[in-house]
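A.B. asks: A predicted structure for the sequence below; I have some questions about it.
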Amino acid sequence: MSDKTILMDIVKRIREIHLDKSGKLDPIPTSEDIYRRHLSNICNSEKQCMDFLRMLEEAHFLFAMTLVEPDEALMIPGVEGYIVTEPVVLRNLRARATSELEQSYEQQFYQRKQATTIIRELLPRARSFNNTPLGRALNMAVMLQQFEHILVNEFEQYTDTWKSRKLMELMPGGNPDTETPSLSEGDFDPPPASPRTPTAPLRAVDTDAVQEIQQMDQSGRWGDAVQKFGVEFLLRIHFRKYEFDKVAWLIKTGKLAAEKDLRYVRDTLRTMESRVDRDFRLREFTKPMVELKRAAQIKLNRIHQLRKSAVTDEDGTV
């Protein structure tokens, strides 16, 4: 069975789980058991299964939502949920999630409230409900609402043609000449770079110090993932999941060090900041976003200072 056949089978199986009416399956499969319960007979390993899910998310066949935030201090692993990017399915799932949120709230607080009121009340302190039934229900209702908005506002990226092209581009052995449609702001891509004058050749300005500070630590699982998917792909996944702390950790530990990658982080954050009024979940992460942008800018400033120093030394000026 080819990889593409497996990928399409994964999408089909997740859709069937969403539409199951037997009541025996949770409507949204999660990272806790999707491999063991649903995909072990078509994926060679759990790692391959997770790689395929990430690829399908990047190609917009799937949405991935964070149901439980990872917490190392409490030894709580993160939990992701997977949803096919189809309007009819999303509407059905959102109706169920809204009902579940209202029921969970009533069970915990002995009050009946509408989902919109509950979200407005609990979202500012969502982290305090992490890894609880109410917290899961809250995350599910909020994210499904956001996903519906994405499908409406960025529909051109969720057509069969766009998804198929993107998947072909991501798959090993895919056609490198396939034209990739430009991604809109919804993917948190930075705006196109403005024309610049050509930079000096590497040998002229990038001294050993400049190259050393941009040397990326590719040890461990991060390095393996970079070799397989590339830095930008992985950063997009982190940004879609609002994992700003993780990206800051990558910069702090030297696993993210190249100037182009740091620029991508900074420019993507600028784009996301412009969306805060439209994406209310981003408001939770204002401080982490500011701290991450500062970390990226500090590292960029250091690279620029070393490069400027190299040029000054070469000119013989003080």
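C.D. replies: That came through, no problem.

A.B. asks: any idea of the pLDDT on the most centrally placed residue in the chain?
C.D. replies: In the chain, the centroid-proximal residue (Cα atoms, centre = their mean) is residue 237; its distance is 2.4 Å. Per-residue confidence at residue 237 stands at 85 (pLDDT).

A.B. asks: What's the local residue count around the closest residue to it other than its chain neighbours?
C.D. replies: Counting by Cβ to Cβ, 6 or more residues apart in numbering, residue 237 lies nearest to residue 54, which is 6.3 Å off, once chain neighbours are set aside. C-beta coordinates here come from the backbone N, C-alpha and C atoms, glycine included. By other Cβ atoms under 10 Å, the residues close to residue 54 number 21.

A.B. asks: After the host helix or strand of residue 54, which helix or strand is next?
C.D. replies: Using DSSP states H and E, residue 54 falls within helix 46-58. Moving toward the C-terminus from helix 46-58, the next helix or strand (DSSP H and E) is strand 62-68.

A.B. asks: How far does stretch 80-96 stretch from one end to the other?
C.D. replies: 18 Å (Cα to Cα, to the nearest Å).

A.B. asks: Against residue 258, how distant is the residue nearest to the centre of the chain?
C.D. replies: Relative to residue 258, residue 237 is positioned 18 Å away (Cβ to Cβ, to the nearest Å).

A.B. asks: where does the stretch 201-318 of the chain dip in pLDDT?
C.D. replies: Residues of the stretch 201-318 of the chain that meet the criterion pLDDT under 70 lie in 201-210, 277-278, 307-318.

A.B. asks: Am I right that residue 52 is in contact with residue 8?
C.D. replies: No. Residue 52 lies out of contact with residue 8 (Cβ atoms under 8 Å); the separation is 10.5 Å.

A.B. asks: between the two, which one's more packed in?
C.D. replies: Neighbour totals were compared for residue 52 and residue 8, and residue 52 leads with 21 against 14 (other Cβ under 10 Å).

A.B. asks: Tell me who's in contact with the more buried one.
C.D. replies: Each residue near residue 52 by Cβ atoms under 8 Å, 6 or more residues apart in numbering is listed here: 3, 6, 7, 10, 43.

A.B. asks: Which among these count as buried?
C.D. replies: 6, 7, 10, 43 (16 or more other Cβ atoms under 10 Å).

A.B. asks: check contacts around the last one.
C.D. replies: So the one you mean is residue 43. Neighbours of residue 43 in contact, by Cβ under 8 Å, 6+ apart: 6, 35, 49, 52.

A.B. asks: do the same with the third one
C.D. replies: Contacts for residue 10 were tallied using Cβ under 8 Å, 6+ apart; they are 39, 42, 52, 53, 56.

A.B. asks: what helix or strand is it on?
C.D. replies: helix 3-19.

A.B. asks: quick one: buried residues of that helix?
C.D. replies: For helix 3-19, the neighbour count (16+ other Cβ under 10 Å) marks 6, 7, 9, 10, 11, 13, 14, 17, 18 as buried.

A.B. asks: and of those, the nearest to residue 93?
C.D. replies: Within these, distances to residue 93 taken as Cβ to Cβ reach their minimum at residue 18, with 6.2 Å.

A.B. asks: quick one: that closest one and residue 125, what's the gap?
C.D. replies: Counting by Cβ to Cβ, the gap from residue 18 to residue 125 is 30 Å.

A.B. asks: Now do the same for the closest residue to residue 257 other than its chain neighbours: helix, strand or coil?
C.D. replies: Counting by Cβ to Cβ, 6+ apart, residue 257 lies nearest to residue 216, which is 4.7 Å off, once chain neighbours are set aside. Of the three states, residue 216 takes coil under DSSP: H, G, I helix; E, B strand; the rest coil.
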